[in-house]
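Chemist: what's the 3D shape of this:
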Amino acid sequence: MSLPANITVSTHPCVKAKLAQLRSSSASPKQTRALVKEISLLLACDALRSVLSVEQSGTDITPLGAEFPVETITPKSIALIPILRSGLAMVEAFESILPDYVPVHHLGLFRERTTLQPVEYYNNLPTHVAPGSSNASSCDIAIVLDPVIATGGTAEAAIQTLREWGVEKILVVSIIGSDQGVRRAATESGGKGIHLFVGGVDEKLESKGMIYPGVGDIGDRLFLTIGK
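Modeler: Model prediction:
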């Protein structure tokens, strides 16, 4: 399938193999949580490479007394935006890869069962600053973490909320998405400043808006709420 240029689908063999393991209905909740973390680590390495660069920030001394140049990432102002609930399972992986701790701002969105439209129930982004002011955004890059992009409505709503906050560059990272969902998210606001990085893409959505074959309701699998 041909996708917009601002969507990258991982070709890493380990991502493909672990995604196949995650799809299995026989994976236990413990295995599911471990697989989400492991896939997130692999995606974090590649996805962050696409939006970060390196700059020299001085020098330091090794234990042997040799001077060496200290390299740091740029831009420095980064925020992680996990989508509740399941996005929480991806946070630790990104915190492990990033060289310094970064702010984590949570967005709570659920999909209304009848309309399949996103409903926001929680938002702890810092106070909105009007675009055009001297501090139009408290971060240069917002990294949205959501394991599954099904209809794309939740990712689209998250992007809209971040735009209102003043963020210009948004990276959305997901383990799996539907063709329809990733296209919808990638084209929000004309796609300007948006990049999606996903582990895999399935073509179909079933009648309840679930990706098919997909991985099921990953939130229920992670938090043992299946059948609630």
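Chemist: return the list of strands paired to the helix or strand of the chain with the lowest mean pLDDT, each annotated with direction.
Modeler: Comparing every helix and strand of the chain by mean pLDDT, DSSP states H and E singles out strand 107-111 as the least confident one, with a mean of 86. Paired with strand 107-111 in the same sheet, following DSSP bridges, are strand 78-84 (parallel), strand 118-123 (antiparallel).
Chemist: tell me the buried residues in the shortest one?
Modeler: In other words, strand 118-123. Within strand 118-123, the residues that count as buried by 16 or more other CB atoms under 10 Å are Pro118. Yep, even glycine has a C-beta here, placed from its N, CA and C like the rest.
Chemist: follow-up on the earlier one: now the strands paired with strand 107-111 as a markdown table including mean pLDDT?
Modeler: As requested, these are arranged in a markdown table below (pLDDT from 0 to 100):
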| stretch | mean pLDDT |
| --- | --- |
| strand 78-84 | 96 |
| strand 118-123 | 89 |
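Chemist: quick one: which of those is nearest Val36?
Modeler: Proximity to Val36, assessed across those by CB to CB, is greatest for strand 78-84 (11.9 Å).
Chemist: restricting to C-alpha, output that closest one in PDB.
Modeler: Backbone C-alpha positions of strand 78-84 (Å, rounded to 0.1, in the frame of the first residue of the first chain) are rendered in PDB as follows:
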ATOM      1  CA  ILE A  78      10.700  17.500  24.200                       C
ATOM      2  CA  ALA A  79       7.500  16.200  25.800                       C
ATOM      3  CA  LEU A  80       6.000  12.800  25.900                       C
ATOM      4  CA  ILE A  81       2.200  12.600  25.500                       C
ATOM      5  CA  PRO A  82       0.800   9.200  26.300                       C
ATOM      6  CA  ILE A  83      -2.800   8.600  25.500                       C
ATOM      7  CA  LEU A  84      -4.600   7.000  28.500                       C
END
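Chemist: return the distance of it from the chain's centre.
Modeler: Shown here is strand 78-84, whose average C-alpha point lies 7 Å from the average C-alpha point of the whole chain (CA atoms, centre = their mean, to the nearest Å).
Chemist: same question, stretch 142-157
Modeler: On CA atoms, centre = their mean, the centre of stretch 142-157 falls 7 Å from that of its chain.
Chemist: what's the spacing between the helix or strand harbouring Lys30 and its chain's center?
Modeler: Element membership for Lys30 (DSSP states H and E) is helix 29-49. Taking CA atoms, centre = their mean, the mean C-alpha location of helix 29-49 is offset from the chain mean by 11 Å.
Chemist: go on, stretch 185-199?
Modeler: Remark: stretch 185-199 is offset 11 Å from the chain centroid, using CA atoms, centre = their mean.
Chemist: now swap in stretch 8-15 and tell me
Modeler: 15 Å.
Chemist: same question, stretch 184-192
Modeler: Centre-to-centre, stretch 184-192 and its host chain are 15 Å apart (CA atoms, centre = their mean).
Chemist: and the angle for the helix holding Lys30 with strand 78-84?
Modeler: Here helix 29-49 points in a direction 150 degrees away from that of strand 78-84 (axes from the mean of the first three to the mean of the last three CA atoms, to 10 degrees).
Chemist: for helix 29-49, packing partners?
Modeler: Under the contact criterion of 3 or more CB pairs under 8 Å, 6 or more residues apart in numbering; DSSP states H and E, the helices and strands touching helix 29-49 comprise helix 13-23, helix 88-97, strand 169-174, strand 194-198, helix 218-223.
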